Structure formats: structure tokens, C-alpha cells
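[1] here you go, sequence then predicted model.
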Amino acid sequence: MKNKFYYIGLNFFMPGMGQMAAGRYVRGLLQATGSLIAVFRLAAAVFIPLTEFYKGNMLSEEIPEISLSAILTPVLIFLIILAWSIIDMMFGPKEKTEKFRGENHK
């Protein structure tokens with residue numbers, strides 16, 4: 001039986017990964033999906049203005065505008081989901097009293 005710090009460590013690679021490894025698939029899938037959406041939204045907020053800029057005249061002195069709120073919102077959402085996944089693993093099912101990874105431990 002791996003302890004809960006192993007599962008918390010997995011969440012640092014991708015939020016929700018620790019929940020899925022612990023057998024809590026619905027929570028893990030929700031957290032993983034939310035974090036991936038936040039990462040893709042952040043990438044879109046940065047790269048779409050840059051691609052629009054490079055379609056035009058690259059020698060112009062105009063700098064593409066990247067909205068600060070378009071960057072900070074996905075970052076904040078990702079950090080909230082990361083905190084949720086860590087707190088959920090810390091205070092989730094107790095190893096000795098509840099079902100954890102499909103096995104009963106007494």
C-alpha cells in the first residue's frame with residue numbers, strides 16, 4: 001500500500017493523476033480535464049495573438065497585444081485545481097477506515 005504522499009506527488013505532475021491512481025476516477029478525471037483546459041486556454045491566449053502578428057508585416061513596429069487577464073485567469077484556475085487535488089488527497093479517504101484503491105484495510 002502506497003501512502004498518501006505518493007498520490008500527492010503524482011498530482012504535481014498533473015492534477016487528478018493521484019486521484020486516478022488511488023482509484024477515485026471521477027474526481028481525477030474532473031481535475032485532469034479542468035487543468036488541461038486551463039493549460040490549452042493559456043497557450044491559446046499567448047499564441048493566437050502572436051500568430052496573427054506574424055501573418056502581417058513582420059517588419060512593422062507594432063507589438064501584439066496579449067491580455068493580462070487572458071493569461072492570469074487560466075493560471076489561477078490551474079492553481080485552484082492543483083490545490084483542490086492536493087487537499088483532496090490529504091483529507092480524502094482514510095487508509096484504515098475507508099475503501100482506498102479497491103482494498104479494505106483494517
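    Structure received. What you see is a predicted model; the values in this text were computed from it and never measured. Numbers count the residues shown, from 1 in each chain.

[2] dump the residue contacts of Ser85.
    11, 15-16, 18-19, 31 (CB atoms under 8 Å, 6 or more residues apart in numbering). Backbone N, C-alpha and C define where each C-beta goes, glycine included.

[3] so how do I select the buried members of these in ChimeraX?
    Here is the ChimeraX command that selects the buried residues among the contacts of Ser85 (16 or more other CB atoms under 10 Å):
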select :11,15,16,18,19,31
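
[4] which residues of this protein score low on pLDDT?
    Applying pLDDT under 70 to the chain flags the ranges 1, 56-61, 93-106.

[5] repeat the analysis, applying 80 as the threshold.
    Per-residue confidence for the chain (pLDDT under 80) gives these ranges: 1-2, 50, 52-65, 92-106.

[6] which residues of it fall in helices?
    Using DSSP state H, the helices assigned to the chain run over residues 4-13, 17-21, 25-55, 68-91.
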